[in-house]
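Q: please find the sequence and the predicted model below.
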Amino acid sequence: MTEAAAVTSARAASGTRWGLPPVLAVVLALIGLWYLAVVPMNVQEVLTRAERAGVTVQPESAVARRDMGTWALVAGNPHALGESWSLDRPRLPAPHQVVAELYKSTWVEETRGRRGLVNSGSLSNRGLLHHALVTLNATLVGFLIGTGLGILLAVGIVHSRVMDMSVMPWAIVSQTIPIVALAPMIIVVLYSVGVQGLLPKAVISAYLSFFPVVVGMVKGLRSPDAMQMDLMRTYNASPGTVLAKLRLPASVPYLFASLKIAVAASLVGAIVGELPVQKGGLGARMLAGSYYGQTVQIWSALFLAAALAALLVWAISAVERRALQRMGMGA
Amino acid sequence: MSIPAPQADPKVISMDRPAKAAAEIVIRADHLDLTFETNDGPVHALRDITLDIPKGAFVSFIGPSGCGKTTFLRCIAALEQPTGGSLTVNGMTPDAARRARAYGYVFQAAGLYPWRSIGRNIALPLEIMGFSRAEQKERIARVLDLVDLGGFEKKFPWQLSGGMQQRASIARALAFDADLLLMDEPFGALDEIVRDRLNEEVLRLWARTQKTIGFVTHSIPEAVYLSTHIVVMSPRPGRITDVIESPLPAERPLDIRDTPEFIEIAHRVREGLRAGYEE
């Protein structure tokens, strides 16, 4: 091991040793805050139920309570708040309720459910894992299309002044349109030409993910300085050679930074694409949850989506580390 | 041309045209002008540069910043376009010479690609010029040896000191065997001690390879120590004020810098630089 590598690994080791406590502290504080927030958020429902169960609450009239501030209700009825963290349909579920729902709709559903993995041999379409996979497929296909398109556009923009002036403004405009408004249009238009299923969602994913790749790659491809370009000129290198030997390798760090943003955007795109279609996926789960007031279901789908995004970004970071190490630029 | 040709020697560099027909001329500049159009009006980077560089010469260009020494080197390399006069390299236009890969260019910074090992960096021009794998390997080994970097082929640039990086960049410029080596303040960013060692190495290299070398510097001792010919330049407009042919022997140990001859040439260079300012 070289000296520099030893220093780096020592720093990494100390990072894990001293990094954990503050991270845990922040997570615990957030969970604590969440538990606290559950009380005022659910207080109306909790007091109604308490009243039905025979507990005296202040004020007694439901109409009067409706007009009161939540904090005042909490302060006035500390004895009747026991059910805050265990409601069936809470406005804001407690963290443990979400965790329980995640557990129920993944592990329990697959091992014991009639349509689960154990009993049917395939993932249950009532379980979250099936929906997560549906979303993941669309995300990955969209991410690949978006990345490919983004790199191609960036190469064109760097090499052609016409493309630089004509493509970039449209790329920027494309990102100012709210995707929630555009997604149904894309789905309808594609459906009318016979394209449905995974592809429309992937197209929406790609629509969101190509942009960070274009911006990052244009910067990356232009990152070689004048001297490095001059050096290529002294070798009488063709533009293709300059691209392959200088611009593309130089843009790799920029590409990975863009890919991390793009993959998260892809996931958002896939979820948004699933909202109007209701044929599976985490987006469909979230919308179904909101139709039926199943906030616990929404939150568990949200958390699974977040976990998925974290996993994807982590995977790209892992590839990035290996790629940069192989290129001698790992640090 | 207002400056009289000093020591008109027919074989060598000279500003008076008819005298030096004998030696093979590699670079011939004739009343070369280069004017940059800027927002603040035209800037005369080079004016009326007339200069012949014979084969095998080690020519230093020295002068304060803005005197056009780097610009002239870049003109030879076809990295800049002169706006007047004529310039030929190996009897061709500079751009044709560039396309024929007539020269190796060493920049002020090493400019090694961080993602390539030293060996792969030296392979870069060889790959572009289409040398075979076996030939690349052989040439990399040879030029690494030439600059005393044997054994560093697999290292990455960040693992080398600045001086070693610059040596690697010289090796890269030597790899494809151009007869002309253009060096633009290659040691400007290095400390004095490293610079001394590299100067010795460049001289050895020059003796072994018999290349024609154009060397831009702002250090008087460096110019005098290295060169067979010293071209003194001055700014606004960039022009040649003196061309000094060095009487020092080809064999030059570092302590030659304490000899009276050396000091005398250095003095003349200094005078030339001062004259450029006083005009």
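A: Noted; the coordinates are in hand. Numbering: from 1, shown residues only, chains lettered A, B, ... in the order given.
Q: quick one: the helices in chain B?
A: All helices of chain B, identified by DSSP state H, fall at B:69-76, B:94-99, B:118-128, B:133-146, B:162-174, B:192-209, B:220-226, B:260-278.
Q: export those as a markdown table, with columns for mean pLDDT.
A: Listed next are the helices of chain B as a markdown table, based on pLDDT from 0 to 100:
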| stretch | mean pLDDT |
| --- | --- |
| helix B:69-76 | 90 |
| helix B:94-99 | 89 |
| helix B:118-128 | 93 |
| helix B:133-146 | 90 |
| helix B:162-174 | 89 |
| helix B:192-209 | 85 |
| helix B:220-226 | 89 |
| helix B:260-278 | 84 |
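Q: what does the stretch 51-200 of chain B put close to chain A?
A: B:77-79, B:98-99, B:101, B:103-105, B:107-109, B:111, B:113-117, B:124-125, B:127-129, B:156-159 (C-beta under 8 Å from any C-beta of the partner chain). All C-beta atoms are positioned from the backbone trio N, CA, C, and that covers glycine.
Q: need the helices of chain B in CSV with distance to residue A:245, can you?
A: Listed next are the helices of chain B as CSV, based on distance: least, C-beta to C-beta, whole Å:
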stretch, distance to residue A:245
helix B:69-76, 22
helix B:94-99, 18
helix B:118-128, 7
helix B:133-146, 14
helix B:162-174, 13
helix B:192-209, 26
helix B:220-226, 32
helix B:260-278, 40
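Q: of all those, which one is nearest residue A:255?
A: Evaluated over the helices of chain B, closeness to residue A:255 peaks at helix B:118-128, with 20.4 Å, by C-beta to C-beta.
Q: export that closest one as PDB, just CAs?
A: In PDB, the C-alpha atoms belonging to helix B:118-128 read as follows (Å, rounded to 0.1, in the frame of the first residue of the first chain):
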ATOM      1  CA  ILE B 118       3.100   7.700 -17.100                       C
ATOM      2  CA  GLY B 119       3.600   5.000 -19.700                       C
ATOM      3  CA  ARG B 120       0.100   5.500 -21.100                       C
ATOM      4  CA  ASN B 121       0.700   9.200 -21.200                       C
ATOM      5  CA  ILE B 122       3.700   8.800 -23.300                       C
ATOM      6  CA  ALA B 123       1.800   6.300 -25.400                       C
ATOM      7  CA  LEU B 124      -0.900   9.000 -26.100                       C
ATOM      8  CA  PRO B 125       0.800  10.600 -29.200                       C
ATOM      9  CA  LEU B 126       1.900   7.100 -30.400                       C
ATOM     10  CA  GLU B 127      -1.700   5.900 -30.200                       C
ATOM     11  CA  ILE B 128      -3.000   8.900 -32.100                       C
END
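Q: name the helices or strands packed onto it?
A: Counting contacts by 3 or more C-beta pairs under 8 Å, 6 or more residues apart in numbering or on different chains; DSSP states H and E, helix B:118-128 packs against helix B:133-146, helix B:162-174.
Q: what's the most buried one of the ones you listed?
A: helix B:162-174 (a mean of 24; mean count of other C-beta atoms under 10 Å in any protein chain shown).
Q: what's in contact with that helix?
A: B:104-107, B:110-112, B:118, B:121-122, B:124-125, B:143-144, B:146-149, B:152, B:157, B:160, B:181, B:183, B:186-187, B:189-190, B:194, B:197-198, B:201-202, B:205, B:209 (C-beta atoms under 8 Å, 6 or more residues apart in numbering or on different chains).
Q: 6 Å instead?
A: B:104, B:106, B:110, B:112, B:118, B:121-122, B:143-144, B:147, B:149, B:157, B:186, B:190, B:194 (C-beta atoms under 6 Å, 6 or more residues apart in numbering or on different chains).
Q: same check on stretch B:59-77?
A: A:234, B:27, B:45-46, B:53, B:80, B:82, B:87, B:89, B:94, B:105, B:182, B:184, B:214-217, B:223, B:227, B:229-235, B:238.
Q: endpoints of it, how far apart?
A: 15 Å (C-alpha to C-alpha, to the nearest Å).
Q: now it: buried residues?
A: Applying a neighbour-count criterion of 16 or more other C-beta atoms under 10 Å in any protein chain shown, the buried positions in stretch B:59-77 are B:59-63, B:66-77.
Q: where does chain A have its least confident helix or strand?
A: helix A:3-52 (a mean of 78; mean pLDDT, DSSP states H and E).
Q: the stretch 151-300 of chain A: helices as residue ranges?
A: Remark: helices assigned in the stretch 151-300 of chain A by DSSP state H, counting those that start in this stretch are A:161-176, A:179-192, A:198-221, A:226-234, A:239-242, A:248-274, A:282-291, A:295-326.
Q: who wins for proximity to residue A:39 among those?
A: That would be helix A:295-326 among the helices of the stretch 151-300 of chain A, by C-beta to C-beta, at 15.5 Å.
Q: pLDDT on the closest one, on average?
A: Helix A:295-326 shows a mean pLDDT of 93.
Q: buried ones in it?
A: So for helix A:295-326, counting by 16+ other C-beta under 10 Å, buried means A:295-305, A:308-309, A:312-313, A:316, A:320, A:323-324.
Q: list the contacts for residue B:143?
A: Here residue B:143 is in contact with B:171, B:174, B:175 (criterion: C-beta under 6 Å, 6+ apart).
Q: looking at these, which is nearest chain A?
A: residue B:175 (10.5 Å; C-beta to the nearest C-beta).
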